[in-house]
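K.L.:
Sequence first, then the predicted structure:
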Amino acid sequence: GGIIGNLESDNSGVEITNNENYGTVTVTAKRSAGGIVGRTCSGGLFKDNINSGNIENQSQNDDAEAGGILGENEDDGITMSGNENHGNVTANKMATGISRDFIIHLRRDLFGKISSLSASQRDRITEASLIPRLTTDTYNVHNMVDRMQRLGIRAPIMLLGGILVSLTLDPVLTLVLICTLPLLILVVVWSSKKGVPMFTAVQEQQDKMVRKVQESMTGARVIRALSRGKTERDAFGEINDELSEKQRIADTTMAAVSPLTGFILNAGLAVVVLVGARRVSLGLSQPGSIIAFLSYFTIILNAMLSITRIFVLYSRGSASARRIESVMKESEDLLPLETEKTLPASAPHLVFDHVTFSYHHTTPNVEDISFTLDHGQTLGIIGPTGSGKSTLLSLILRLYDPDSGRILLDGVPLTSCSRDEVCQ
């Protein structure tokens, strides 16, 4: 059947008449009205055929000089929009999956590396610094990888594509745009050089806060017993204020990148309008080309703003990545020395031979310790806090190696034994 009902419109210049019996549609279009405005729920766009007066379905707009066809196709439009949305969802899903899998492997490897660190390496890096590297730093790296996959590919393509298309429209106006690129590059380089050290300092200050919290939680009873609560609160407040100040400076510096970029690009846009108006007045350009150029300039502007956001994320993520890298590059410590392991027939079970050890290689924590234990013997170590009791146990388990002297286990130097052998 045909279209039920008649529709007449004086504004659009289109007259649609229904013939219910034969199901035909007659369209008369006025050329002066600028073409046909049509809408259909099941087919393509209406296209006028002045010669035959028939109706044709068309999947894309016919941009004629007389005004073209302005159409709306609900079914096809939904399909096209759905495909575009499906592509965006798929791309974002892939980016999320890749960054998720990447950070899972990174955290697993980092945790394994931390678990293999010797006690001296942990003392040097400190546990208060290892915890944020395993949590906050890995999150920053994950965020950087995720965003770079989403914006780091799309934005440069839009930027280069916009510049190339604008070159075909008006090379002179494109030169005005290209003149702004050195200033934009300068802003990006400046933000990267300033941002990485700033965020590194923020993370180091955060390590100090974690260390202070650990100390307060571990020594909570002693703090209350000695009425040191106010002193500890003041110390925590000082560290917190320093962290807030460093975070504020870093965020303020990075927040200035987008306004600076927008100012430079909008200033270039103003120059483009002035130069374009002059060229139009001289007959060197057409108004339509100027309008199309401004549209592509807007695309370039959005692409540049996305790139600046990428570099802000890069500054934070790069600082965290370097902290993680420093842990992953730690060489394996306390490796067993290549010595011949000959077990004497009647060797004592444990021998300390003039052992001296210092945690920080300054003042000895234990000095010139010597004793011998046979199998089945028991040794009691008595002393006040800080006298070195736990230090002796750490040396026996080879969590540390002595600075001087030697420790023998069943007649074999402890330095030639692996950690698993010591534990067995």
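P.N.:
Yep, it's here.
K.L.:
any idea how far residue 152 is from residue 317?
P.N.:
With the distance defined as CB to CB, to the nearest Å, residue 152 ends up 12 Å from residue 317. Using the backbone N, CA and C atoms, a C-beta is placed for each residue, glycine as well.
K.L.:
Residues in contact with stretch 283-292: which ones?
P.N.:
Applying CB atoms under 8 Å, 6 or more residues apart in numbering, the contact partners of stretch 283-292 are 169-170, 172-173, 273, 276-277, 279-280.
K.L.:
Which one's more surrounded, residue 152 and residue 317?
P.N.:
Shown here are residue 152 and residue 317; by other CB atoms under 10 Å, residue 317 has more neighbours (24 against 17).
K.L.:
Count the neighbours of the closest residue to the more buried one other than its chain neighbours for me.
P.N.:
Counting by CB to CB, 6 or more residues apart in numbering, the nearest residue to residue 317 once its immediate chain neighbours are dropped is residue 144, at 2.8 Å. The local packing of residue 144 (other CB under 10 Å) involves 22 other residues.
K.L.:
Check whether residue 144 really touches residue 316, as I assumed.
P.N.:
Yes. Counting by CB atoms under 8 Å, residue 144 does reach residue 316; the two are 7.1 Å apart.
K.L.:
Backbone dihedrals for the residue most central in space within the chain, both of them.
P.N.:
In the chain, the residue lying closest to the centroid (CA atoms, centre = their mean) is residue 144, at 1.0 Å. Per-residue torsions, residue 144: phi -60, psi -50 (degrees, to the nearest 10).
K.L.:
which stretches of this structure aren't confidently modelled?
P.N.:
Applying pLDDT under 70 to the chain picks out residues 1-84, 336-345.
K.L.:
sorry, back to before: how about the contacts of stretch 283-292 in TSV, adding secondary structure?
P.N.:
Output for the contacts of stretch 283-292, formatted as TSV (DSSP: H, G, I helix; E, B strand; the rest coil):
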residue	secondary structure
169	helix
170	coil
172	helix
173	helix
273	helix
276	helix
277	helix
279	helix
280	helix
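K.L.:
Going by residue numbers, what spans are strands in the stretch 251-400 of the chain?
P.N.:
350-357, 366-373 (DSSP state E, counting those that start in this stretch).
K.L.:
Name every strand pairing with the first one and say which way it goes.
P.N.:
Using DSSP bridges, the neighbouring strands of strand 350-357 in the sheet come out as strand 366-373 (antiparallel), strand 404-409 (antiparallel).
K.L.:
nearest spatial neighbour of residue 266, skipping sequence neighbours?
P.N.:
Here the residue nearest residue 266, using CB to CB, 6+ apart, is residue 301, at 7.5 Å.
K.L.:
which residues touch the one you found?
P.N.:
Residues in contact with residue 301, defined by CB under 8 Å, 6+ apart, are 262, 265-266, 269.
K.L.:
And it, how far from residue 219?
P.N.:
From residue 301 across to residue 219, the span is 56 Å (CB to CB).
K.L.:
residue ranges of the helices in this protein, please?
P.N.:
For the chain, the helices defined by DSSP state H cover 74-116, 119-125, 127-132, 138-169, 171-179, 181-218, 220-225, 229-255, 257-281, 287-328, 389-396, 419-423.
K.L.:
Tell me which of the ones you listed sits nearest to residue 380.
P.N.:
helix 389-396 (10.2 Å; CB to CB).
K.L.:
helices or strands next to the closest one in the packing?
P.N.:
In terms of contacts (3 or more CB pairs under 8 Å, 6 or more residues apart in numbering; DSSP states H and E), helix 389-396 is packed against strand 350-357, strand 366-373.
K.L.:
What lies in contact with that helix?
P.N.:
By CB under 8 Å, 6+ apart, helix 389-396 touches 119, 350, 352, 355, 357, 359, 365-366, 369, 381, 383, 400-402, 407, 414.
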